[in-house]
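**Student:** Give me a 3D structure for the following:
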Amino acid sequence: MKRAKGLTLVEVLVALAILALIGPVLAGFIGYLRINTRAEVRSQAVTLAQERLESLRLINPQTLPQGGCQEETRSRGGRTYTVRTCYCENPGLCGAGARHLVVRVFLSGETTPVYQVETVYTQLR
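**Tutor:** Got it, this is the predicted structure:
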């Protein structure tokens, strides 16, 4: 008697049981990778914003622009970010010796900032 080619019902059931066990584990792992990657991206964005603010901290606020934005592209951890610094978005916080600054950090290709911080720089006498 010749044996038919193909899978038996028992083999198919065992394969489905194995997939049923592996599926949720794999989905959990993928979710963990997404959360971990997003946290890493945000951490790098915070560092870039802090570096930008530190570079501006030593400058006399009166020499900073009274409007507009400046952008620079920076790389961290194999990713490309855009750091956008906007001046005096709130004109009420800008004056003779003060500048309102907003620093937004975008991941390349995204329109929503990963991180945003704002402050007012003044000159102390």
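
**Student:** In a helix, residue 30, correct?
**Tutor:** Yes - using DSSP: H, G, I helix; E, B strand; the rest coil, the assignment for residue 30 is a helix.

**Student:** Tell me where this structure has strands.
**Tutor:** Taking DSSP state E to define them, one finds strands in the chain at 69-76, 79-87, 98-107, 115-122.

**Student:** Kindly compare burial across the ones you listed and name the winner.
**Tutor:** Mean neighbours per residue, mean count of other CB atoms under 10 Å, is largest over the strands of the chain for strand 98-107, with a mean of 20. Using the backbone N, CA and C atoms, a C-beta is placed for each residue, glycine as well.

**Student:** What lies in contact with it?
**Tutor:** 41, 45-46, 48-49, 52-53, 56, 61, 64-66, 79-91, 93-94, 112-123 (CB atoms under 8 Å, 6 or more residues apart in numbering).

**Student:** okay, the angle between it and strand 115-122?
**Tutor:** 160 degrees (axes from the mean of the first three to the mean of the last three CA atoms, to 10 degrees).

**Student:** what about strand 98-107, average pLDDT?
**Tutor:** Strand 98-107 carries an average pLDDT of 94.

**Student:** Just the CA coordinates for that strand, please, in CSV.
**Tutor:** Below are the C-alpha coordinates for strand 98-107, written out as CSV (Å, rounded to 0.1, in the frame of the first residue of the first chain):
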residue,chain,number,x,y,z
ALA,A,98,15.4,89.0,26.8
ARG,A,99,14.5,86.4,24.1
HIS,A,100,11.9,83.7,24.1
LEU,A,101,13.3,80.5,22.6
VAL,A,102,11.5,77.4,21.5
VAL,A,103,13.7,74.4,20.5
ARG,A,104,11.9,71.5,18.7
VAL,A,105,13.7,68.3,17.7
PHE,A,106,12.2,66.3,14.8
LEU,A,107,13.2,62.8,13.7
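
**Student:** How far off centre is it?
**Tutor:** Its chain's C-alpha centre and that of strand 98-107 lie 15 Å apart, by CA atoms, centre = their mean, to the nearest Å.
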